[in-house]
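> Sequence and predicted structure are below.
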Amino acid sequence: MSTSQTAVDMKHLHQYTGDDLGLELEIFGLFRQQVQIWLKMLVASADSESWGAAAHSLKGSARGLGAHQLAAACEAAEVVVLSGLTERSLAAEKVRAEVDAVLHFIDRREYNFKIQDLRNSSQASNS
């Protein structure tokens, strides 16, 4: 499982954002929205089409973000699409754990942006 520090490959993400913090925050927001949609469908009792679409779409979102371990968990979930409830439950649990690590990483990164903004504002007003 990813730790929150390794959940997102920032080098990978910066290749797409060019170190544009606004774009990075926008990508984080889009990822949060997509996760909410796809995790609702990634349940062991889902029909095969919904399960496959959710695992595949979430894998693509994870790859774009640089969340490699989440992408791998989603790929493993795609493999068990026709398996039984136990295999699907385990795969969904792994995906959720990786999603939690990515969301924790995003939360910390956004918090750090806010703290830096406050410091910059404070320094500017003290000058």
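Ah, there it is.
> Could you say which helix or strand holds the spatially most central residue of the chain?
By CA atoms, centre = their mean, the chain has its centre lying nearest to V102, at 4.6 Å. Element membership for V102, per DSSP states H and E: helix 85-126.
> and K114, how many residues sit next to it?
The number of residues packed near K114 is 9, by other CB atoms under 10 Å. C-beta coordinates here come from the backbone N, C-alpha and C atoms, glycine included.
> Then A62?
There are 27 residues near A62, going by other CB under 10 Å.
> cool, the one 3 residues further on as well?
Applying other CB under 10 Å, we find 25 residues neighbouring L65.
> Name the nearest residue to it, ignoring sequence neighbours.
Counting by CB to CB, 6 or more residues apart in numbering, L65 lies nearest to F31, which is 5.5 Å off, once chain neighbours are set aside.
> For the least confident helix or strand in the chain by mean pLDDT, name the packing helices and strands.
Here the helix or strand of the chain ranked lowest by mean pLDDT, DSSP states H and E is helix 85-126, holding a mean of 90. Counting contacts by 3 or more CB pairs under 8 Å, 6 or more residues apart in numbering; DSSP states H and E, helix 85-126 packs against helix 21-41, helix 48-65, helix 68-79.
> I'd like the ones you listed written out as CSV, with mean pLDDT added.
Shown next, in CSV, are those (pLDDT from 0 to 100):
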stretch, mean pLDDT
helix 21-41, 94
helix 48-65, 96
helix 68-79, 97
